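Q: Quick one, what's the 3D model for this:
(one chain, ligands or ions: 1)
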Amino acid sequence: MTKFKNYINGKWVDAVSGKTFKNISPANQNDIIGEFAFSDKADVDNAVAAAKEAYKSWRLVPAPKRGDIMRKVGDIFTRRKAELAKIMTREMGKPTFETEGDVQEAIDTAYYAASETRRLFGHTVPSEMDNKINLAFRTPIGVVGVITAWNFPIAVPSWKILPAIAAGNTVVFKPSKDAPHSGVIFAEIMEEAGVPAGVFNVLLGTGSMGDHIVHHPDVKVVGFTGSTEIGCQIAEVCGKLNKRVSLEMGGKNAQIIMDDANLDLAIEGVLWGAFGTTGQRCTATSRLIVHKNVYEKVIELLKEKVVKLKIGDGLDPKTEMGPVIHMKSLENCERITKIALEEGGRLVCGGKRVADPALANGCFFEPTIIADVTEKHTLFNEEVFGPVLCISKADSFEHAIELHNHCEYGLSGSIYTKDVNLAWLATREMEVGICYVNAPTIGAEAHMPFGGVKGTGNGHREGGWTAFDIFTEWKTVYFDYSNKLQRAQIDNY
Ligand code: UN1
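A: Below you'll find the predicted structure:
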(Lines give C-alpha, C1' and ligand atoms only; values in the text may rest on other atoms or scores of the structure.)
Protein backbone atom coordinates (compact mmCIF):
# COMPACT_ATOMS: atom_id res chain seq x y z
CA MET A 1 0.00 0.00 0.00
CA THR A 2 1.28 3.47 -0.87
CA LYS A 3 2.51 5.45 2.14
CA PHE A 4 2.21 9.22 2.26
CA LYS A 5 4.28 11.47 4.50
CA ASN A 6 4.11 14.94 5.95
CA TYR A 7 6.05 17.73 4.27
CA ILE A 8 7.97 19.76 6.85
CA ASN A 9 10.87 22.14 6.25
CA GLY A 10 11.32 20.89 2.69
CA LYS A 11 11.50 17.22 3.72
CA TRP A 12 9.07 14.30 3.51
CA VAL A 13 8.78 12.84 6.98
CA ASP A 14 6.68 10.31 8.90
CA ALA A 15 4.66 11.41 11.90
CA VAL A 16 6.86 11.61 15.01
CA SER A 17 4.73 8.88 16.60
CA GLY A 18 5.08 6.69 13.49
CA LYS A 19 1.29 6.36 13.43
CA THR A 20 -0.70 6.29 10.20
CA PHE A 21 -4.33 6.29 9.06
CA LYS A 22 -6.00 4.88 5.97
CA ASN A 23 -8.25 6.69 3.53
CA ILE A 24 -10.77 4.95 1.29
CA SER A 25 -12.58 5.98 -1.87
CA PRO A 26 -16.23 7.03 -1.49
CA ALA A 27 -17.03 5.37 -4.83
CA ASN A 28 -15.76 1.99 -3.65
CA GLN A 29 -15.09 1.44 0.00
CA ASN A 30 -12.85 -1.51 -0.78
CA ASP A 31 -10.50 0.80 -2.62
CA ILE A 32 -7.91 1.87 -0.05
CA ILE A 33 -6.09 4.92 -1.37
CA GLY A 34 -3.17 4.71 0.99
CA GLU A 35 -1.69 5.02 4.42
CA PHE A 36 -1.13 8.57 5.60
CA ALA A 37 0.99 10.07 8.39
CA PHE A 38 -1.17 10.58 11.46
CA SER A 39 0.20 13.81 12.86
CA ASP A 40 -0.07 15.08 16.39
CA LYS A 41 1.18 17.93 18.56
CA ALA A 42 4.87 17.04 18.09
CA ASP A 43 4.47 17.29 14.30
CA VAL A 44 2.64 20.60 14.63
CA ASP A 45 5.49 21.92 16.78
CA ASN A 46 8.05 20.88 14.15
CA ALA A 47 6.09 22.36 11.24
CA VAL A 48 5.38 25.64 13.03
CA ALA A 49 9.03 25.97 14.09
CA ALA A 50 10.11 25.46 10.47
CA ALA A 51 7.55 28.00 9.23
CA LYS A 52 8.60 30.51 11.87
CA GLU A 53 12.27 30.19 10.91
CA ALA A 54 11.51 30.40 7.17
CA TYR A 55 9.42 33.52 7.74
CA LYS A 56 12.54 35.46 8.78
CA SER A 57 13.89 35.40 5.24
CA TRP A 58 10.71 34.86 3.17
CA ARG A 59 9.19 38.14 4.36
CA LEU A 60 12.23 39.96 2.95
CA VAL A 61 12.06 38.38 -0.53
CA PRO A 62 10.73 41.10 -2.86
CA ALA A 63 7.05 40.46 -3.50
CA PRO A 64 7.42 40.20 -7.32
CA LYS A 65 10.07 37.49 -6.79
CA ARG A 66 7.59 35.60 -4.61
CA GLY A 67 5.17 36.12 -7.48
CA ASP A 68 7.59 34.46 -9.92
CA ILE A 69 7.35 31.29 -7.82
CA MET A 70 3.53 31.53 -7.70
CA ARG A 71 3.53 31.66 -11.50
CA LYS A 72 5.56 28.42 -11.55
CA VAL A 73 3.01 26.89 -9.16
CA GLY A 74 0.32 27.76 -11.74
CA ASP A 75 2.40 26.27 -14.55
CA ILE A 76 2.90 22.97 -12.71
CA PHE A 77 -0.78 22.69 -11.77
CA THR A 78 -1.53 23.25 -15.49
CA ARG A 79 0.88 20.53 -16.54
CA ARG A 80 -0.49 18.03 -14.00
CA LYS A 81 -4.18 19.01 -14.28
CA ALA A 82 -5.59 15.82 -15.84
CA GLU A 83 -3.47 13.52 -13.66
CA LEU A 84 -4.40 15.36 -10.44
CA ALA A 85 -8.08 15.37 -11.33
CA LYS A 86 -8.07 11.55 -11.32
CA ILE A 87 -6.33 11.42 -7.94
CA MET A 88 -8.83 13.88 -6.47
CA THR A 89 -11.82 12.05 -7.92
CA ARG A 90 -10.68 8.74 -6.49
CA GLU A 91 -10.25 10.42 -3.12
CA MET A 92 -13.43 12.54 -2.85
CA GLY A 93 -15.75 11.28 -5.57
CA LYS A 94 -16.83 14.11 -7.85
CA PRO A 95 -16.51 13.45 -11.61
CA THR A 96 -13.20 14.28 -13.29
CA PHE A 97 -14.66 17.18 -15.30
CA GLU A 98 -15.34 18.75 -11.90
CA THR A 99 -11.98 17.92 -10.34
CA GLU A 100 -10.34 19.41 -13.45
CA GLY A 101 -12.33 22.57 -12.72
CA ASP A 102 -11.12 22.38 -9.14
CA VAL A 103 -7.49 22.34 -10.31
CA GLN A 104 -8.26 25.14 -12.77
CA GLU A 105 -9.44 27.30 -9.88
CA ALA A 106 -6.03 26.81 -8.22
CA ILE A 107 -4.28 27.67 -11.49
CA ASP A 108 -6.31 30.89 -11.73
CA THR A 109 -5.54 31.67 -8.10
CA ALA A 110 -1.80 31.08 -8.58
CA TYR A 111 -1.59 33.42 -11.58
CA TYR A 112 -3.79 35.98 -9.85
CA ALA A 113 -1.61 35.89 -6.71
CA ALA A 114 1.48 36.22 -8.90
CA SER A 115 0.09 39.31 -10.59
CA GLU A 116 -1.00 40.83 -7.27
CA THR A 117 2.59 40.72 -6.01
CA ARG A 118 3.25 43.60 -8.41
CA ARG A 119 0.11 45.38 -7.26
CA LEU A 120 0.08 45.21 -3.47
CA PHE A 121 -0.83 48.88 -3.52
CA GLY A 122 -0.54 51.08 -0.48
CA HIS A 123 -1.59 54.69 -0.01
CA THR A 124 0.39 57.91 -0.06
CA VAL A 125 -1.58 60.65 1.65
CA PRO A 126 -0.91 64.34 2.36
CA SER A 127 0.02 65.12 5.96
CA GLU A 128 -1.68 67.78 8.06
CA MET A 129 1.69 69.43 8.31
CA ASP A 130 4.31 70.87 6.05
CA ASN A 131 7.42 68.87 5.14
CA LYS A 132 5.87 65.62 6.19
CA ILE A 133 4.31 62.78 4.23
CA ASN A 134 2.04 59.91 5.27
CA LEU A 135 2.08 56.40 3.85
CA ALA A 136 0.36 53.11 4.55
CA PHE A 137 1.37 49.77 3.12
CA ARG A 138 0.77 46.07 3.66
CA THR A 139 3.14 43.86 5.62
CA PRO A 140 3.01 40.09 6.08
CA ILE A 141 1.99 38.71 9.47
CA GLY A 142 3.91 35.49 10.09
CA VAL A 143 2.92 31.85 10.26
CA VAL A 144 -0.54 31.11 8.85
CA GLY A 145 -2.46 27.94 9.74
CA VAL A 146 -4.71 26.67 6.94
CA ILE A 147 -7.41 24.11 7.69
CA THR A 148 -9.76 23.05 4.89
CA ALA A 149 -12.51 20.66 3.82
CA TRP A 150 -12.40 17.83 1.29
CA ASN A 151 -15.00 19.00 -1.27
CA PHE A 152 -12.65 21.35 -3.14
CA PRO A 153 -9.41 19.68 -2.07
CA ILE A 154 -7.12 21.82 -4.26
CA ALA A 155 -9.08 25.00 -5.07
CA VAL A 156 -10.13 26.05 -1.58
CA PRO A 157 -6.68 25.51 0.00
CA SER A 158 -5.18 27.48 -2.90
CA TRP A 159 -7.40 30.49 -2.08
CA LYS A 160 -5.69 30.73 1.29
CA ILE A 161 -2.21 29.29 0.78
CA LEU A 162 -1.20 31.12 -2.38
CA PRO A 163 -2.14 34.70 -1.40
CA ALA A 164 -0.73 34.11 2.11
CA ILE A 165 2.63 33.00 0.71
CA ALA A 166 2.64 35.61 -2.07
CA ALA A 167 2.17 38.26 0.63
CA GLY A 168 5.27 37.05 2.50
CA ASN A 169 3.79 34.74 5.15
CA THR A 170 4.66 31.10 5.70
CA VAL A 171 2.07 28.34 5.97
CA VAL A 172 1.25 25.18 7.89
CA PHE A 173 -1.52 23.38 6.00
CA LYS A 174 -3.80 20.67 7.34
CA PRO A 175 -5.86 19.15 4.52
CA SER A 176 -9.03 17.28 5.39
CA LYS A 177 -8.58 13.73 6.66
CA ASP A 178 -10.87 12.74 3.75
CA ALA A 179 -8.62 14.33 1.13
CA PRO A 180 -5.05 13.92 2.39
CA HIS A 181 -3.63 12.85 -0.98
CA SER A 182 -4.58 16.25 -2.41
CA GLY A 183 -2.59 17.87 0.41
CA VAL A 184 0.43 15.77 -0.54
CA ILE A 185 0.06 16.88 -4.16
CA PHE A 186 -0.05 20.49 -3.07
CA ALA A 187 3.29 20.05 -1.32
CA GLU A 188 4.81 18.26 -4.33
CA ILE A 189 3.89 21.20 -6.52
CA MET A 190 5.15 23.86 -4.12
CA GLU A 191 8.43 21.93 -3.79
CA GLU A 192 8.88 21.65 -7.56
CA ALA A 193 8.06 25.33 -8.04
CA GLY A 194 10.95 26.26 -5.74
CA VAL A 195 9.07 27.43 -2.65
CA PRO A 196 11.93 27.48 -0.08
CA ALA A 197 12.05 24.92 2.73
CA GLY A 198 9.76 25.80 5.64
CA VAL A 199 7.68 28.35 3.72
CA PHE A 200 5.02 25.72 3.05
CA ASN A 201 4.40 22.69 5.27
CA VAL A 202 1.73 19.99 5.12
CA LEU A 203 0.54 17.95 8.08
CA LEU A 204 -1.78 15.00 7.49
CA GLY A 205 -4.20 13.92 10.18
CA THR A 206 -7.49 14.63 11.87
CA GLY A 207 -9.26 17.55 13.54
CA SER A 208 -7.50 17.15 16.89
CA MET A 209 -4.20 17.92 15.15
CA GLY A 210 -5.85 20.97 13.57
CA ASP A 211 -6.68 22.06 17.08
CA HIS A 212 -2.97 22.13 17.95
CA ILE A 213 -2.35 24.37 14.94
CA VAL A 214 -5.06 26.77 16.10
CA HIS A 215 -3.70 26.85 19.65
CA HIS A 216 -0.02 27.17 18.76
CA PRO A 217 1.25 30.56 19.97
CA ASP A 218 3.45 31.05 16.89
CA VAL A 219 0.54 30.65 14.46
CA LYS A 220 -0.62 34.22 13.96
CA VAL A 221 -3.50 33.78 11.48
CA VAL A 222 -5.92 30.90 10.94
CA GLY A 223 -7.80 30.37 7.68
CA PHE A 224 -10.58 27.79 7.99
CA THR A 225 -13.15 26.26 5.65
CA GLY A 226 -15.59 23.75 7.12
CA SER A 227 -18.64 23.43 9.31
CA THR A 228 -20.15 26.30 11.28
CA GLU A 229 -19.83 24.25 14.45
CA ILE A 230 -16.06 23.77 14.16
CA GLY A 231 -15.54 27.28 12.74
CA CYS A 232 -17.18 28.83 15.79
CA GLN A 233 -15.03 26.73 18.13
CA ILE A 234 -11.92 27.91 16.30
CA ALA A 235 -13.10 31.52 16.50
CA GLU A 236 -13.54 31.17 20.24
CA VAL A 237 -9.97 29.97 20.68
CA CYS A 238 -8.62 32.66 18.35
CA GLY A 239 -10.64 35.29 20.21
CA LYS A 240 -9.05 34.29 23.50
CA LEU A 241 -5.56 34.21 21.98
CA ASN A 242 -6.11 37.41 19.97
CA LYS A 243 -5.39 35.77 16.60
CA ARG A 244 -6.82 36.77 13.30
CA VAL A 245 -9.16 34.12 11.92
CA SER A 246 -10.97 33.92 8.60
CA LEU A 247 -13.94 31.55 8.54
CA GLU A 248 -15.74 30.04 5.57
CA MET A 249 -18.59 27.95 6.93
CA GLY A 250 -22.04 26.58 6.18
CA GLY A 251 -24.66 27.53 3.63
CA LYS A 252 -28.27 26.85 2.77
CA ASN A 253 -28.30 28.67 -0.52
CA ALA A 254 -31.48 29.35 -2.45
CA GLN A 255 -32.38 29.89 -6.07
CA ILE A 256 -35.51 31.91 -6.81
CA ILE A 257 -37.46 31.27 -10.02
CA MET A 258 -39.92 34.05 -10.92
CA ASP A 259 -42.89 33.43 -13.22
CA ASP A 260 -41.33 35.39 -16.09
CA ALA A 261 -38.06 33.41 -16.00
CA ASN A 262 -36.67 31.40 -18.89
CA LEU A 263 -37.67 28.09 -17.31
CA ASP A 264 -35.33 25.89 -19.35
CA LEU A 265 -32.41 28.03 -18.26
CA ALA A 266 -33.60 28.07 -14.66
CA ILE A 267 -33.96 24.26 -14.61
CA GLU A 268 -30.51 23.80 -16.06
CA GLY A 269 -29.23 26.16 -13.36
CA VAL A 270 -30.80 24.33 -10.45
CA LEU A 271 -29.73 20.97 -11.81
CA TRP A 272 -26.11 22.11 -11.74
CA GLY A 273 -26.44 24.12 -8.53
CA ALA A 274 -28.13 21.38 -6.52
CA PHE A 275 -26.56 18.19 -7.87
CA GLY A 276 -23.15 19.35 -9.12
CA THR A 277 -20.49 18.01 -6.70
CA THR A 278 -23.37 15.83 -5.41
CA GLY A 279 -24.69 18.89 -3.58
CA GLN A 280 -21.50 19.01 -1.52
CA ARG A 281 -20.49 22.60 -2.07
CA CYS A 282 -20.81 25.31 0.49
CA THR A 283 -22.37 27.22 -2.41
CA ALA A 284 -24.72 24.36 -3.43
CA THR A 285 -28.35 25.18 -4.17
CA SER A 286 -30.22 23.44 -1.39
CA ARG A 287 -33.44 25.45 -1.51
CA LEU A 288 -35.48 26.27 -4.59
CA ILE A 289 -38.09 29.01 -4.22
CA VAL A 290 -40.57 29.10 -7.08
CA HIS A 291 -43.28 31.61 -7.92
CA LYS A 292 -46.73 30.02 -7.54
CA ASN A 293 -47.64 30.58 -11.22
CA VAL A 294 -44.90 28.23 -12.42
CA TYR A 295 -44.55 26.03 -9.31
CA GLU A 296 -45.96 22.72 -10.58
CA LYS A 297 -44.47 23.26 -14.04
CA VAL A 298 -40.97 23.72 -12.58
CA ILE A 299 -41.33 20.58 -10.44
CA GLU A 300 -42.40 18.55 -13.45
CA LEU A 301 -39.60 19.84 -15.72
CA LEU A 302 -36.99 19.37 -13.01
CA LYS A 303 -38.05 15.82 -12.19
CA GLU A 304 -37.83 14.88 -15.86
CA LYS A 305 -34.16 15.91 -15.91
CA VAL A 306 -33.11 14.71 -12.47
CA VAL A 307 -34.22 11.11 -12.90
CA LYS A 308 -32.02 10.93 -15.99
CA LEU A 309 -28.85 12.04 -14.20
CA LYS A 310 -26.15 9.42 -14.67
CA ILE A 311 -24.87 8.42 -11.25
CA GLY A 312 -21.64 6.50 -10.83
CA ASP A 313 -17.94 6.45 -10.14
CA GLY A 314 -16.53 9.88 -10.96
CA LEU A 315 -13.68 8.20 -12.84
CA ASP A 316 -16.20 6.96 -15.44
CA PRO A 317 -16.37 9.74 -18.06
CA LYS A 318 -20.13 9.18 -18.46
CA THR A 319 -20.84 9.96 -14.80
CA GLU A 320 -22.73 13.18 -14.09
CA MET A 321 -23.06 12.78 -10.31
CA GLY A 322 -20.69 10.89 -8.02
CA PRO A 323 -21.05 9.52 -4.48
CA VAL A 324 -21.29 11.45 -1.23
CA ILE A 325 -18.10 11.56 0.81
CA HIS A 326 -18.75 8.74 3.28
CA MET A 327 -21.39 6.47 4.81
CA LYS A 328 -22.07 8.91 7.62
CA SER A 329 -23.02 11.51 5.05
CA LEU A 330 -25.24 9.03 3.20
CA GLU A 331 -27.01 8.18 6.44
CA ASN A 332 -27.51 11.88 7.05
CA CYS A 333 -29.22 12.20 3.63
CA GLU A 334 -31.54 9.33 4.61
CA ARG A 335 -32.25 10.91 8.00
CA ILE A 336 -33.09 14.35 6.62
CA THR A 337 -35.29 12.88 3.87
CA LYS A 338 -37.26 10.93 6.45
CA ILE A 339 -37.75 14.02 8.60
CA ALA A 340 -38.76 16.13 5.58
CA LEU A 341 -41.45 13.63 4.59
CA GLU A 342 -42.72 13.28 8.16
CA GLU A 343 -43.01 17.05 8.36
CA GLY A 344 -45.22 17.21 5.27
CA GLY A 345 -42.80 17.40 2.36
CA ARG A 346 -43.81 15.76 -0.95
CA LEU A 347 -41.25 13.36 -2.43
CA VAL A 348 -40.75 14.28 -6.09
CA CYS A 349 -37.89 11.87 -6.77
CA GLY A 350 -35.00 10.06 -5.10
CA GLY A 351 -34.87 9.71 -1.34
CA LYS A 352 -32.88 6.50 -1.03
CA ARG A 353 -29.59 4.77 -1.66
CA VAL A 354 -28.85 3.94 -5.30
CA ALA A 355 -30.03 0.38 -5.92
CA ASP A 356 -27.60 -0.46 -8.77
CA PRO A 357 -25.59 -3.49 -7.49
CA ALA A 358 -22.55 -2.25 -9.42
CA LEU A 359 -22.45 0.73 -7.03
CA ALA A 360 -23.18 -1.23 -3.86
CA ASN A 361 -19.70 -0.66 -2.39
CA GLY A 362 -19.92 3.11 -2.72
CA CYS A 363 -21.73 5.90 -0.89
CA PHE A 364 -24.32 6.63 -3.57
CA PHE A 365 -27.53 8.51 -2.74
CA GLU A 366 -30.18 9.29 -5.34
CA PRO A 367 -30.59 12.92 -6.36
CA THR A 368 -33.54 13.85 -4.19
CA ILE A 369 -36.21 16.52 -4.50
CA ILE A 370 -38.78 17.26 -1.84
CA ALA A 371 -41.51 19.80 -2.64
CA ASP A 372 -44.01 21.74 -0.49
CA VAL A 373 -41.36 22.48 2.09
CA THR A 374 -41.99 25.59 4.16
CA GLU A 375 -39.76 27.74 6.30
CA LYS A 376 -40.98 25.82 9.36
CA HIS A 377 -39.53 22.53 8.10
CA THR A 378 -36.18 21.14 9.17
CA LEU A 379 -35.02 20.60 5.58
CA PHE A 380 -35.57 24.29 4.81
CA ASN A 381 -33.15 25.27 7.57
CA GLU A 382 -30.56 22.55 8.04
CA GLU A 383 -27.49 22.30 5.81
CA VAL A 384 -27.36 18.80 4.29
CA PHE A 385 -24.16 18.81 2.20
CA GLY A 386 -25.62 16.18 -0.12
CA PRO A 387 -27.93 15.82 -3.11
CA VAL A 388 -31.17 16.78 -1.34
CA LEU A 389 -33.07 19.78 -2.70
CA CYS A 390 -36.22 21.27 -1.18
CA ILE A 391 -38.77 23.34 -3.10
CA SER A 392 -40.96 26.04 -1.62
CA LYS A 393 -43.80 28.05 -3.14
CA ALA A 394 -43.71 31.86 -3.15
CA ASP A 395 -46.80 34.03 -3.65
CA SER A 396 -44.89 37.08 -4.90
CA PHE A 397 -41.43 38.54 -5.37
CA GLU A 398 -41.54 39.96 -1.84
CA HIS A 399 -42.51 36.57 -0.43
CA ALA A 400 -39.70 34.92 -2.40
CA ILE A 401 -37.16 37.33 -0.90
CA GLU A 402 -38.60 36.80 2.57
CA LEU A 403 -38.23 33.03 2.18
CA HIS A 404 -34.78 33.46 0.72
CA ASN A 405 -33.61 35.45 3.75
CA HIS A 406 -35.27 33.13 6.23
CA CYS A 407 -31.95 31.41 6.80
CA GLU A 408 -29.22 31.47 9.38
CA TYR A 409 -26.56 31.36 6.65
CA GLY A 410 -25.77 33.83 3.89
CA LEU A 411 -23.26 32.55 1.33
CA SER A 412 -24.79 32.66 -2.16
CA GLY A 413 -28.21 33.34 -3.67
CA SER A 414 -29.68 33.40 -7.14
CA ILE A 415 -32.69 34.75 -9.00
CA TYR A 416 -34.00 33.82 -12.43
CA THR A 417 -36.13 36.55 -13.97
CA LYS A 418 -36.26 38.64 -17.14
CA ASP A 419 -37.45 41.69 -15.20
CA VAL A 420 -34.39 43.91 -14.83
CA ASN A 421 -35.91 45.85 -11.94
CA LEU A 422 -36.65 42.70 -9.94
CA ALA A 423 -33.16 41.43 -10.66
CA TRP A 424 -31.59 44.57 -9.19
CA LEU A 425 -33.99 44.60 -6.27
CA ALA A 426 -33.03 41.02 -5.52
CA THR A 427 -29.32 41.82 -5.56
CA ARG A 428 -30.03 44.57 -3.06
CA GLU A 429 -32.29 42.52 -0.79
CA MET A 430 -30.68 39.08 -0.68
CA GLU A 431 -28.73 38.60 2.55
CA VAL A 432 -25.71 36.90 0.99
CA GLY A 433 -22.06 37.48 0.20
CA ILE A 434 -22.42 36.29 -3.41
CA CYS A 435 -25.42 36.99 -5.59
CA TYR A 436 -26.22 35.54 -9.03
CA VAL A 437 -28.71 36.75 -11.65
CA ASN A 438 -29.86 34.13 -14.15
CA ALA A 439 -27.10 31.79 -13.01
CA PRO A 440 -26.96 29.10 -10.33
CA THR A 441 -25.68 29.62 -6.77
CA ILE A 442 -22.36 27.94 -7.60
CA GLY A 443 -19.55 29.04 -9.87
CA ALA A 444 -17.52 31.72 -8.11
CA GLU A 445 -14.43 32.93 -9.98
CA ALA A 446 -10.98 33.08 -8.39
CA HIS A 447 -10.41 36.81 -8.82
CA MET A 448 -13.59 37.94 -7.02
CA PRO A 449 -14.28 38.18 -3.26
CA PHE A 450 -15.70 34.90 -1.91
CA GLY A 451 -17.48 34.58 1.40
CA GLY A 452 -20.76 34.96 3.19
CA VAL A 453 -22.70 36.89 5.77
CA LYS A 454 -24.65 35.72 8.84
CA GLY A 455 -23.74 32.17 9.96
CA THR A 456 -21.48 31.60 6.94
CA GLY A 457 -18.55 33.80 7.81
CA ASN A 458 -16.93 36.32 10.09
CA GLY A 459 -16.50 39.25 7.75
CA HIS A 460 -13.52 38.16 5.67
CA ARG A 461 -13.45 37.43 1.95
CA GLU A 462 -11.18 34.95 0.24
CA GLY A 463 -10.48 35.15 -3.47
CA GLY A 464 -9.56 38.26 -5.37
CA TRP A 465 -7.85 41.28 -3.85
CA THR A 466 -9.74 40.85 -0.57
CA ALA A 467 -7.77 37.70 0.33
CA PHE A 468 -4.80 40.00 0.99
CA ASP A 469 -6.78 41.72 3.74
CA ILE A 470 -6.73 38.42 5.65
CA PHE A 471 -3.03 37.80 5.25
CA THR A 472 -1.52 41.25 5.72
CA GLU A 473 -1.40 44.01 8.32
CA TRP A 474 -1.35 47.68 7.41
CA LYS A 475 1.65 49.67 8.52
CA THR A 476 1.28 53.45 8.66
CA VAL A 477 4.40 55.56 8.26
CA TYR A 478 4.69 59.28 9.08
CA PHE A 479 7.82 60.62 7.44
CA ASP A 480 8.78 64.05 8.75
CA TYR A 481 11.51 65.94 6.85
CA SER A 482 10.97 69.36 8.51
CA ASN A 483 13.85 68.96 10.94
CA LYS A 484 11.72 70.28 13.80
CA LEU A 485 9.16 68.90 16.24
CA GLN A 486 5.72 69.23 14.64
CA ARG A 487 3.02 68.43 17.14
CA ALA A 488 0.01 67.01 15.31
CA GLN A 489 -3.35 68.64 16.10
CA ILE A 490 -1.56 71.36 18.12
CA ASP A 491 1.08 73.27 16.16
CA ASN A 492 -1.00 73.31 13.00
CA TYR A 493 -4.21 74.61 14.56
C1 UN1 B 1 -16.92 25.42 -1.76
O2 UN1 B 1 -17.97 24.85 -1.92
O3 UN1 B 1 -16.30 25.28 -0.68
O4 UN1 B 1 -18.42 28.81 -6.38
C5 UN1 B 1 -16.27 26.27 -2.77
C6 UN1 B 1 -18.24 27.60 -6.36
C7 UN1 B 1 -16.83 27.07 -6.46
C8 UN1 B 1 -16.19 27.04 -5.12
C9 UN1 B 1 -16.98 26.32 -4.08
N10 UN1 B 1 -16.07 27.88 -7.36
O11 UN1 B 1 -19.16 26.81 -6.28
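Q: check contacts around the residue positioned nearest the centre of the chain.
A: The residue lying closest to the centre of the chain (C-alpha atoms, centre = their mean) is residue 156, at 4.4 Å. For residue 156, the contact set (C-beta atoms under 8 Å, 6 or more residues apart in numbering) comprises 148, 149, 225, 248. Yep, even glycine has a C-beta here, placed from its N, CA and C like the rest.
Q: And residue 223, by the same measure?
A: For residue 223, counting by C-beta under 8 Å, 6+ apart, the contacting residues are 144, 145, 146, 147, 160, 164, 245, 246, 462, 470, 471.
Q: How about the residues of the stretch 1-150 of the chain by the ligand?
A: By the rule C-beta under 6 Å from any ligand atom, the part of the stretch 1-150 of the chain lying against the ligand is residue 105.
Q: Where does the stretch 1-150 of the chain get nearest to the ligand, residue-wise?
A: Residue nearest to the ligand within the stretch 1-150 of the chain: residue 105 (5.8 Å; C-beta to the nearest ligand atom).
Q: would you say that residue is within a strand?
A: No. Counting by DSSP: H, G, I helix; E, B strand; the rest coil, residue 105 falls outside a strand, being helix.
Q: The residue nearest to it when sequence neighbours are not counted - how many residues pack around it?
A: Leaving out its chain neighbours, the residue that sits closest to residue 105 by C-beta to C-beta, 6 or more residues apart in numbering is residue 155, at 3.6 Å. Neighbours of residue 155 under the rule other C-beta atoms under 10 Å: 24.
Q: Now for residue 155: which residues touch it?
A: 102, 103, 105, 106, 109, 446.
Q: try residue 241
A: Residues near residue 241 by C-beta under 8 Å, 6+ apart: 215, 217.
Q: give me that answer again for 6 Å
A: For residue 241, the contact set (C-beta atoms under 6 Å, 6 or more residues apart in numbering) is empty.
Q: Can you tell me how far it is from the ligand?
A: Residue 241 sits 26 Å away from the ligand, going by C-beta to the nearest ligand atom, to the nearest Å.
Q: Same check on residue 401?
A: Using C-beta to the nearest ligand atom, one obtains 22 Å as the distance from residue 401 to the ligand.
Q: Quick one: residues in contact with the strand or helix carrying that residue.
A: Assigned by DSSP states H and E, residue 401 belongs to helix 397-405. Helix 397-405 has contacts (C-beta under 6 Å, 6+ apart) with 254, 256, 289, 392, 394, 413, 422, 429, 430, 431.
Q: Now do the same for the residue of the stretch 101-250 of the chain found nearest the ligand: helix, strand or coil?
A: Distances between the stretch 101-250 of the chain and the ligand by C-beta to the nearest ligand atom are smallest at residue 152, namely 4.7 Å. The local conformation at residue 152, judged by three-state DSSP, is coil.
Q: check contacts around it.
A: residue 102.
Q: for residue 94, same thing?
A: 277, 314, 322.
Q: For the stretch 1-150 of the chain, which segments are assigned as helices?
A: Using DSSP state H, counting those that start in this stretch, the helices of the stretch 1-150 of the chain run over 41-58, 63-92, 96-116.
Q: what's the most buried one of the ones you listed?
A: Across the helices of the stretch 1-150 of the chain, averaging neighbours per residue (mean count of other C-beta atoms under 10 Å) puts helix 96-116 on top, at a mean of 22.
Q: Tell me, how many residues neighbour residue 188?
A: Neighbours of residue 188 (other C-beta under 10 Å): 16.
Q: can you check residue 13 too?
A: Residue 13 has 15 neighbours, counted by other C-beta under 10 Å.
Q: Show me what it is bridged to.
A: Note on residue 13: beta-bridge partners by DSSP bridges are residue 6.
Q: my guess is it contacts residue 6, does it?
A: Yes. Assessed by C-beta atoms under 6 Å, residue 13 is found in contact with residue 6 at 5.4 Å.
Q: ok, residue 322 touching residue 315?
A: No. Applying C-beta under 6 Å as the test, residue 322 and residue 315 come out as separate, 8.9 Å apart.
Q: Next, please give the residue ranges for the strands of the stretch 251-400 of the chain.
A: Assigned by DSSP state E, counting those that start in this stretch, the strands in the stretch 251-400 of the chain fall at 253-257, 285-291, 346-349, 368-371, 388-394.
Q: Could you export these as TSV, including distance to the ligand, mean pLDDT and mean neighbour count?
A: Shown next, in TSV, are those (distance: least, C-beta to the nearest ligand atom, whole Å; pLDDT from 0 to 100; neighbours: other C-beta atoms under 10 Å):
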stretch	distance to the ligand	mean pLDDT	mean neighbour count
strand 253-257	9	99	28
strand 285-291	10	98	26
strand 346-349	23	98	16
strand 368-371	19	98	26
strand 388-394	16	98	25
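Q: hang on, the earlier thing: could you tell me the phi and psi values at the residue nearest to residue 105?
A: Backbone torsions of residue 155, given as degrees, to the nearest 10, read phi -60, psi -50.
Q: before we move on, what about residue 314?
A: For residue 314, the backbone dihedrals are phi -60, psi -20 (criterion: degrees, to the nearest 10).
Q: That one: how many residues sit nearby?
A: Counted with other C-beta under 10 Å, the neighbours of residue 314 add up to 29.
Q: hang on, the earlier thing: the residue of the stretch 1-150 of the chain closest to the ligand against residue 446, yeah?
A: Yes. Contact criterion C-beta under 6 Å: residue 105 and residue 446 qualify, at 5.5 Å.
Q: Give me the pLDDT for the spatially closest residue to residue 143 that is not a sequence neighbour.
A: Distances taken as C-beta to C-beta, 6+ apart place residue 51 nearest to residue 143, at 4.4 Å, with adjacent residues excluded. We note a pLDDT of 99 for residue 51 in this prediction.
Q: before we move on, what about the one 3 residues further on?
A: We note a pLDDT of 99 for residue 54 in this prediction.
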